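Asks: The sequence isn't on hand, but the structure is:
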């Protein structure tokens, strides 16, 4: 079975390109004049990683990204609702603690921002939740795979580590927790993974843009956001571990194929 070494090489290549391309794209952002509130070009780093892997191992990448089975529509709707609840909990807690009900008017048209945020979220999630997560899922359970992807995803946002330690720690807690939420919600889902993951991601980004103040480097909103994500992850884990373990006993295998690169 030659899929295992192919998978390892594909994951290493994906991560290298995702990190390096994000750095290059981030440096190019000021040159393009595209406002960061509209879209962050770094979001396309993971998509470029998947694209290069597809050039080298087209069959394997096609198997990972494709597949059949729409998954549970109910879980998909609940995933999107969870994004709204996370923002509501974080913003509500901030208002209760400070007396400040934040609401920011974006500088660009909201419809443009919403569409761009969905596209950018798709550029990230085709790598994190549609490529890396399924590959890791063939080797470990849904929770372990989700935590691993969340840690890498959080570290990928390297700029956050220029902030204060509590801010960075809260961000990492939020990233891992959101990864756990998506991991449970997308378990067993193949065909609709990208729109669901991108939708959740975009709703989180839009909510933070409109109702949170974490971009200023303020610690409290980031801590409250991270805590809200952790609460959501705990609830999803509690709901999911009680379900029948048939899928966990036999993880969703991606059928092995022959190595495309000799």
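Replies: In hand now; what should we look at? Source: prediction; values computed, not measured. Numbering: from 1, shown residues only.

Asks: any idea how far residue 19 is from residue 27?
Replies: Separation of residue 19 from residue 27 (C-beta to C-beta, to the nearest Å): 13 Å. Yep, even glycine has a C-beta here, placed from its N, CA and C like the rest.

Asks: more neighbours, these two?
Replies: residue 19 (17 against 11; other C-beta atoms under 10 Å).

Asks: how about low-confidence regions in the chain?
Replies: 1-3, 67-73, 242-262 (pLDDT under 70).

Asks: Helices of that one, start to end?
Replies: Along the chain, the stretches classed as helices by DSSP state H are 3-32, 45-56, 58-65, 73-98, 110-127, 133-137, 142-156, 165-185, 193-211, 219-241, 246-249.

Asks: hmm, who's touching the second one?
Replies: The set of residues that contact helix 45-56 without belonging to it, under C-beta atoms under 8 Å, 6 or more residues apart in numbering, is 10, 13-23, 25, 60-62, 65, 122-128, 130-131, 156, 260-261.

Asks: Drop anything exposed from those.
Replies: Buried residues within these, counting neighbours by 16 or more other C-beta atoms under 10 Å: 10, 13-15, 17-19, 21-22, 25, 60-61, 65, 122-128, 130-131, 156, 260.

Asks: Now do the contacts for residue 130.
Replies: 50, 64-65, 193-194, 197 are the contacts of residue 130 under C-beta under 8 Å, 6+ apart.

Asks: So for the residue most central in space within the chain, what's the nearest residue that isn't a sequence neighbour?
Replies: Among the residues of the chain, the one closest to the centroid is residue 125, at 5.4 Å (C-alpha atoms, centre = their mean). Once flanking residues are discounted, residue 125 sits nearest to residue 197: 3.9 Å by C-beta to C-beta, 6 or more residues apart in numbering.
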